[in-house]
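Peer 1: predicted model, plus sequence, below.
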Amino acid sequence: MFEYSGVKISWLGHDGFKIKNDVTIYIDPFQISGGEKADIVLVTHEHFDHLSPEDIKKVSTPDTTIVAPKIAESGLKGIKCKQVLIIKPGEVKEVKGVSIQAVPAYNINKFRAPGQVFHPKEDGRVGYVVKVKGVSIYHAGDTDAIPEVKKLNVDIALLPVSGTYVMTADEAIELANTMKPKLAIPMHYAAIVGSEADAQRFKKGVVGKVEILEKE
């Protein structure tokens, strides 16, 4: 767990994070043992390692709000919660005093087949900029270093580093050095693809502050 201006950030493995201040926010919980109950759960897209009903149920209550793009909606059926808010890239919603901005997330050079990227832009998958108590946190979701992201102005950037389905460590380094967040945290490694070496490479290449979090 890392604390930044009173906001606690915990890495849950892979792309999963818990952000806590007055509210408890989970992003893409996957293969978690349990945890505090969530006020808000953010889902970036429909793939099993990001939308895990089993894991969302571990932290969701009848008072939990789930925010997700349309492509993930069907996978959330049957989860007890207060509401599911569908969000599109570029939209902003406010839940319990937390500003949630959806940012596009897609591939430009990671292909499943010739001419077919893993995460097409038109599918509407997202990352998020979450603003909690004046602290802005960007969670990239599954994306490459796309133009829409390079112009974001955030305090903290949670960036994938493993390559294959997302940006490589070198691409993430270039993005972080362009965005210049006050703090960068690597993710999307040590579960499905990528390793601790990718996180270490990222830390060495970024000009600004980088924290490699221990999995909780």
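Peer 2: Done, it's in. Numbers count the residues shown, from 1 in each chain.

Peer 1: for the residue nearest to the spatial centre of the chain, which residues are in contact?
Peer 2: Per CA atoms, centre = their mean, the C-alpha nearest to the average position across the chain is that of His139, at 3.4 Å. The neighbourhood of His139, defined by CB atoms under 8 Å, 6 or more residues apart in numbering, consists of Asp15, Phe17, Ile27, Asp28, Leu42, Thr44, Gly127, Tyr128, Val130, Leu158. To be clear about C-beta, it is placed using only N, CA and C from the backbone, and glycine gets the same treatment.

Peer 1: burial measure for Glu54, as a count.
Peer 2: Number of residues near Glu54 (other CB atoms under 10 Å) recorded here: 12.

Peer 1: quick check, it in a helix?
Peer 2: Yes. The assignment for Glu54 is a helix, going by DSSP: H, G, I helix; E, B strand; the rest coil.

Peer 1: for it, give its distance to Glu36.
Peer 2: Counting by CB to CB, to the nearest Å, the gap from Glu54 to Glu36 is 17 Å.

Peer 1: repeat that for Tyr138.
Peer 2: From Tyr138 across to Glu36, the span is 23 Å (CB to CB).

Peer 1: compare these two (neighbour count), which wins?
Peer 2: Set Tyr138 next to Glu36 and count neighbours by other CB under 10 Å: Tyr138 wins out with 23 against 11.

Peer 1: show me what the more buried one bridges to in the sheet.
Peer 2: Beta-bridge partners recorded for Tyr138 (DSSP bridges): Val129, Ala157.

Peer 1: wait, doesn't it sit right on Pro160?
Peer 2: No. Look at Tyr138 against Pro160 with CB atoms under 8 Å: they stay out of range, at 11.7 Å.

Peer 1: what is the burial count for Gly124?
Peer 2: Residues within reach of Gly124, counting by other CB under 10 Å, total 19.

Peer 1: nearest spatial neighbour of it, skipping sequence neighbours?
Peer 2: Nearest residue to Gly124 in three dimensions, chain neighbours excluded: Pro69, at 5.0 Å (CB to CB, 6 or more residues apart in numbering).

Peer 1: now do the contacts for that neighbour.
Peer 2: Val43, Thr44, His45, Ile86, Ile87, Lys88, Pro89, Ala102, Gly124, Arg125, Val126.

Peer 1: swap in Ile100?
Peer 2: Residues near Ile100 by CB under 8 Å, 6+ apart: Ile40, Leu42, Val67, Ile87, Val92, Lys93, Glu94, Tyr128, Val129, Val130.
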